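Engineer: Sequence and predicted structure are below.
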Amino acid sequence: MSDIAQHLLQVQTRIAEAAALVGRSASEIQLLAVSKTKPLAAVQAAYQAGQRRFGESYAQEAVQKVQALRDVGVSDIEWHFIGPLQSNKTRPIAEHFDWVDSVDRLKIAERLNAQRPDALPPLNICIQVNISGESQKSGTTEAQVLDLATRIQQFPRLKLRGLMAIAENTENDAVLKESFLRLQQLFGTLQQQFPSMDTLSMGMTHDLEVAVACGSSQVRIGTAIFGARDDRQD
């Protein structure tokens with residue numbers, strides 16, 4: 001078993017244990033492997049270990065990985081774009097990805113809708129919410145989510161699927177829980193109006209247990225699977 005396969009198993013165990021503590025089934029929580037900045041070989045190792053959902057954040061690097069794997073016949077990966085998306089880089093994402101989990105403004109949604117090829121199914125969309133209120137983080141405000149969701153719902157080449165957030169980087173579980181529960185409440189309110197919303201993406205390597213306890217249905221794990229990543233700009 002490769003190191004990455006072992007790490008995947010460890011993360012899956014963490015998810016299952018966190019779910020069991022609050023009476024949830026591990027099957028309710030999807031694992032999104034965050035492979036940004038990692039080489040193609042690392043994605044292939046995770047794929048060989050059974051992982052099928054991958055998250056990328058840098059447009060050029062992401063499309064290269066998608067195309068390289070499709071060129072060798074790998075077509076059953078669910079690709080998520082999870083990073084800040086510049087308006088001049090929406091086309092390759094619209095053309096190659098299955099999900100964009102980080103839509104935070106109408107202009108990005110408009111461009112993704114216009115650039116999504118008709119031959120592909122609608123692009124799955126999560127709205128990124130800045131639940132920590134930190135100025136350096138992307139995401140729309142909680143007050144603006146309803147309006148943005150309403151507009152996205154009207155685009156024929158997009159499918160509104162849920163909310164995504166990155167919590168404050170803190171070891172204080174009480175602070176994390178307060179943020180996650182606030183997002184869960186917002187998600188539940190929106191679900192009543194938008195039945196297609198089924199994904200609450202919150203929780204990463206350091207806080208997945210708190211996120212699962214607060215209702216997360218998708219955790220985004222990079223470091224615990226692939227090791228520390230390099231921070232850089234696209």
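Structural biologist: Arrived safely.
Engineer: Pretty sure D98 sits against E78.
Structural biologist: Yes. Contact criterion C-beta atoms under 8 Å: D98 and E78 qualify, at 5.1 Å. No exception for glycine: its C-beta is placed from N, CA and C like everyone else's.
Engineer: looking at it, I93 is touching Y58, isn't it?
Structural biologist: No. Assessed by C-beta under 8 Å, I93 is found out of contact with Y58, at 10.7 Å.
Engineer: higher neighbour count, the two?
Structural biologist: I93 (26 against 18; other C-beta atoms under 10 Å).
Engineer: In whatever helix or strand that one lives in, which residues are buried?
Structural biologist: Assessed by DSSP states H and E, I93 sits inside helix 90-96. For helix 90-96, the neighbour count (16 or more other C-beta atoms under 10 Å) marks 90-94, 96 as buried.
Engineer: ditto for stretch 54-70
Structural biologist: For stretch 54-70, by 16+ other C-beta under 10 Å, it's 54-59, 61-63, 65-66, 69.
Engineer: all strands of the protein, in order?
Structural biologist: For the chain, strands defined by DSSP state E occupy the ranges 30-34, 53-56, 78-81, 99-103, 123-128, 158-164, 199-201, 218-221.
Engineer: now the longest helix seen in the chain: mean pLDDT?
Structural biologist: Assignment by DSSP state H gives helix 173-193 as the longest helix of the chain. In this model, helix 173-193 carries a mean pLDDT of 96.
Engineer: And for stretch 98-110?
Structural biologist: On average, stretch 98-110 scores 98.
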